[in-house]
Every structure is written in structure tokens, then in C-alpha cells.
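Trainee: sequence first, predicted coordinates after that:
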Amino acid sequence: MANSDAQHGKDDTEITYLVERSEPFWTQMDKFLAVFGVLMTLGQGVEINLPGVINQQISCDLELSSWQEGILDCILYLTLAVALVISGPLSDWFGRRELILFSLYISIPSTVVCAIVAQYYTLILSRALIGICLGLNVSTGFVMITEVASNKAVLQKIVVIAATMFPIGGVWAAGLGYLLLDLLGWRIFILVTSLPLFVPPIFMLHFCFKGTAGKQLQDEQNQITPKGTLTVPNFVARVIKLGLFDALNLFQGWLLILLVPALIQSLKTKEAEPNSDCSVTVTQGADFLLLGTVTSASLLGKVFMHFIRERIRFRKLQVIVASLTVLAFTGMIAKENLAVVFVTNFIVKFLNGIDSMAFEFIICDIEYLGTERFAVGSGVVNAISVAGGWLGTVMIAFIPISYVLVTSIVLSALKILLVLSMTEVQ
């Protein structure tokens, strides 16, 4: 009888083990969410990386001063950060789906105006509006995906799939820049790269996501949001620490959007003649291939993080990544050689991909910020993040590159202390 009981216990263990190892079931809605996440993050990746591709040509075409070009570089990121702060409360009041639809509808005329109006202040306005639209849907889209996905295992797979599309958007912009920018000019190029990506999500929101409006979504199969209201301790501290963590990530990641072209240009000794067409100073040809290749390193980092996240603890991994980032930025100071520029930027972007994927896993875990203030917390976290990216962009636009690199080394070192303080992250 004892042997029978022991054998029965063994069978129960084996059954439980098999259940835990089985692949999660994907509902039809989960598949829609994955496609939606891919389209949204791809478009966001294109828009955020686009300034590194087109702004030098715009500057030459419109004969902008260095300060005007710097403002054009930064305006989208500034309005993006501001919109992220208000995206959480707005999505609670009006609904996730409605807010995303509104942002996409505004993005279309803003992109058209940006492409066809050859006037500096109108161009600034259109880029600012696009930044606002991105701010309204970047966090809201992931909040909606988190709340609607059928279970946590499926959600993590959707997050990985969607997050990897962001660097692909950067590669898309740089690759099309290499192929089409000189041929089409920057106005048509903006329409070709951006506009087609805004339209499919609009149709999906109209026909696939009915009933996803409001704070409490009407999906009876939803297993992501715990029953009742989940509150977490030290909510403000969690928001600030996670926001600062990703702010340092975006400082490094968005810095490279303009840093790679700037470093390549710094290696060119020949200057354009007065009243020329700026053909010498515009980043063209093989430079875009270098930019696209460096951007692709983030994709590799995200995939790498997906496979190692269960094998190494968060804080240990992030201390290693931050330390390697310090070394890479230190090597970048020796920028006299194109190979050094390429390798060091590639390493930093790869490490940035690991960091950003770690952030995505945390921000999409609804138990980290709790259900009660999940949308608000996510918006504030992303706003702090974008502020870091905006700071990096501003520094590249207005400060000598050597100062930027030294600042990057210092912030990467300080990140080690920040990571060690994030004891609530396993």
C-alpha cells in the first residue's frame, strides 16, 4: 500500500511537470495582439530613428543653422516625453483603443505636412505633433497588450516579438535611406518610410479590438490582470527607479542614432564649399549601411536577453552590461579610426538591446506596478525614459562629441549603483 502511495505521488509529480512544460495556448486575440504589437513598434522604431537618416539632408536643403538643426533633432523626443506623462490618465478616461486610434489619425496628416511643407517652423510643428502621437501610443499600446493577453506565458512571447521590431524599424529607416534617400529626396522618403506603417493598425483597432476600451477590459479569458485590485509597496520608488533605469538605456540607445553619423562625419576632413549643395557633409551611401548595421546590434541584444534571462539574475547581468558599456564608450573616444567607431558603437548598441529587453519584461509585468495604477505608472516610467533619450539627443546636437562620450561613461558607471538598488526585481 505504501508502495502504491509512493507510485501515485510519482505519477502526480510527472503530470504536474508535463503541464508546466506544455506550450501555452494562443487565442485568436493573442495572435491579433502579436501582429498589432509588431506593426506599432515597427512604426515607432522608424519614427524615432528617422532623424539620424534625414536631418542632415533637411538642414542642407533648407540651409539651417547648427542651432536650428539641433532643435529639429530634438523636438520630436521632447514632445514624446511630455505626451507619455499624460498618456496613462487619458487612456484610463477615454480607453486604450480610442487613445491609440486618435494618435494614429493625427500622425497621418502630421507626416504629410512634414513631407510637403518646405518651411522650417511648419516642419518643427509637424515633428512635434508626431512626437505627441508617439507618446500617446507607445505606452498605451503595451498596456493594452498586457491587459488583453490570455496568459502570462503568451504575453512574454508577444513582448519579445514586438520589442524586437523596434530595432528592425531603425534598420528599415537606415536601409531605405541607403537605397532611396538620394533618389527620392527627404520629402517623399518620409512618406515612403512612415505613412504605410500607420494605416494597418487603424484597421486592426476598428475591426479586431472592439470591446477593449476603458480601464477594465471585457475579456473573460484574461488571466494577466489578477482578480480585484493589486497594490504594490513603494509604488513611487519603483516608478522612479525603473524610469531612471530605462532613461539611461535610452540615453545610450538614442544617442547612437545621431552619434554614428556624427562620428563618421568627424572622420571626413574635406569640407563643403560655400554655397554648395552640401553633398560632402550629408551622411550618404555606405554610411547608412554602417548606421543600419549598428542599429541591428540592438536586435541581437534583445534576442540574446530572451534566451539568458532565466539563467542569470537581473542585477548580476545588468552590472556586467553596465561595466562593458563603460569600456565600450571609453574605446569610442579613440574615434580617429572608422573600424573603432563601428565596433564600439556596435557593442554599445548590442548591450543596449539587452538592457531594453530587460526593461520590457519588467514594465509588462502587471504585478510590478500593480493593477490600480498600472497605466499611470507605465506612462510616467516611459516619460522618464524618453527624457533620458532626449538628453542624449540634445547633447549630440549642441555639445562637442568628446564631452558626450565622457558623460556616457560616467552615467554608465552610475547605472551600476542604480541596478544594485533595484532589489524588488528578481
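Mentor: Received, thanks.
Trainee: residues near residue 173, how many?
Mentor: 28 (other CB atoms under 10 Å). Yep, even glycine has a C-beta here, placed from its N, CA and C like the rest.
Trainee: ok, it - contacts?
Mentor: Residue 173 is in contact with 45, 46, 49, 50, 52, 53, 193, counting by CB atoms under 8 Å, 6 or more residues apart in numbering.
Trainee: from residue 112, how far off is it?
Mentor: Distance of residue 173 to residue 112, given as CB to CB, to the nearest Å: 18 Å.
Trainee: neighbours of residue 414, just the number please.
Mentor: 13.
Trainee: nearest residue to it other than its sequence neighbours?
Mentor: Excluding the flanking residues, the one nearest residue 414 by CB to CB, 6 or more residues apart in numbering is residue 248, at 7.8 Å.
Trainee: contacts only, for the one you found.
Mentor: For residue 248, the contacting residues are 355, 388, 411, 412, 414, 415, 418, by CB under 8 Å, 6+ apart.
Trainee: wait, which of those is closest to residue 145?
Mentor: Ranked by distance to residue 145 (CB to CB), those are led by residue 355 at 20.7 Å.
Trainee: return the residues in contact with that closest one.
Mentor: Residue 355 sits next to 245, 246, 248, 249, 252, 301, 318, 321 when contact means CB under 8 Å, 6+ apart.
Trainee: okay, now the fifth one: neighbour count?
Mentor: It stands for residue 252. 26.
Trainee: isn't it up against residue 391?
Mentor: No. Using CB atoms under 8 Å, residue 252 is not in contact with residue 391, being 10.9 Å away.
Trainee: poorly predicted segments of the stretch 251-400 of the chain, please.
Mentor: Low-confidence segments of the stretch 251-400 of the chain, defined by pLDDT under 70: 257-258, 260-289, 334-337.
Trainee: can you give me the strands for it?
Mentor: Counting by DSSP state E, counting those that start in this stretch, one finds no strands in the stretch 251-400 of the chain.
Trainee: ok, the stretch 101-250 of the chain next?
Mentor: Going by DSSP E, counting those that start in this stretch, the stretch 101-250 of the chain shows no strands.
Trainee: please, where are all the helices along it?
Mentor: Remark: helices assigned in the stretch 101-250 of the chain by DSSP state H, counting those that start in this stretch are 120-148, 152-163, 165-176, 182-184, 186-207, 235-266.
Trainee: can you redo those helices as CSV with distance to residue 41?
Mentor: Below are these laid out as CSV (distance: least, CB to CB, whole Å):
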stretch, distance to residue 41
helix 120-148, 8
helix 152-163, 5
helix 165-176, 4
helix 182-184, 25
helix 186-207, 10
helix 235-266, 14
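Trainee: returning to what we had before: which of the contacts of residue 355 are buried? Put it as a PyMOL command.
Mentor: The following PyMOL line selects those of the contacts of residue 355 that are buried, judged by 16 or more other CB atoms under 10 Å:
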select buried, resi 245+246+248+249+252+301+318+321
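Trainee: in a markdown table: the contacts of residue 355, plus distance to residue 139.
Mentor: Shown next, in a markdown table, are the contacts of residue 355 (distance: CB to CB, whole Å):
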| residue | distance to residue 139 |
| --- | --- |
| 245 | 16 |
| 246 | 11 |
| 248 | 18 |
| 249 | 15 |
| 252 | 20 |
| 301 | 22 |
| 318 | 22 |
| 321 | 24 |
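Trainee: which of the contacts of residue 355 sits closest to residue 292?
Mentor: The closest of the contacts of residue 355, once distances to residue 292 are taken by CB to CB, is residue 301, at 15.5 Å.
Trainee: quick check: closest non-adjacent residue to that closest one.
Mentor: residue 353 (2.2 Å).
Trainee: drop anything exposed from the contacts of residue 248.
Mentor: 355, 388, 411, 412, 415, 418.
Trainee: out of the residues you listed, which comes closest to residue 236?
Mentor: residue 418 (15.7 Å).
Trainee: spit out the contact partners of the closest one.
Mentor: Taking CB under 8 Å, 6+ apart as the criterion, residue 418 is in contact with 241, 244, 245, 248.
Trainee: dump the strand or helix carrying it to PDB, keeping only the CA atoms.
Mentor: Applying DSSP states H and E as the criterion places residue 418 in helix 401-421. These are the backbone C-alpha positions of helix 401-421, laid out as PDB (Å, rounded to 0.1, in the frame of the first residue of the first chain):
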ATOM      1  CA  ILE A 401      31.300  64.700 -29.100                       C
ATOM      2  CA  SER A 402      34.200  64.300 -26.600                       C
ATOM      3  CA  TYR A 403      32.000  65.700 -23.800                       C
ATOM      4  CA  VAL A 404      29.200  63.500 -24.800                       C
ATOM      5  CA  LEU A 405      31.300  60.400 -24.600                       C
ATOM      6  CA  VAL A 406      32.700  61.300 -21.200                       C
ATOM      7  CA  THR A 407      29.200  61.900 -19.900                       C
ATOM      8  CA  SER A 408      28.200  58.500 -21.300                       C
ATOM      9  CA  ILE A 409      31.000  56.800 -19.400                       C
ATOM     10  CA  VAL A 410      30.000  58.500 -16.100                       C
ATOM     11  CA  LEU A 411      26.300  57.600 -16.500                       C
ATOM     12  CA  SER A 412      27.100  54.000 -17.300                       C
ATOM     13  CA  ALA A 413      29.100  53.800 -14.200                       C
ATOM     14  CA  LEU A 414      26.300  55.300 -12.100                       C
ATOM     15  CA  LYS A 415      23.900  52.800 -13.600                       C
ATOM     16  CA  ILE A 416      25.700  50.100 -11.600                       C
ATOM     17  CA  LEU A 417      24.600  51.700  -8.300                       C
ATOM     18  CA  LEU A 418      21.000  52.100  -9.600                       C
ATOM     19  CA  VAL A 419      20.800  48.500 -10.600                       C
ATOM     20  CA  LEU A 420      22.100  47.300  -7.200                       C
ATOM     21  CA  SER A 421      19.200  49.400  -5.600                       C
END
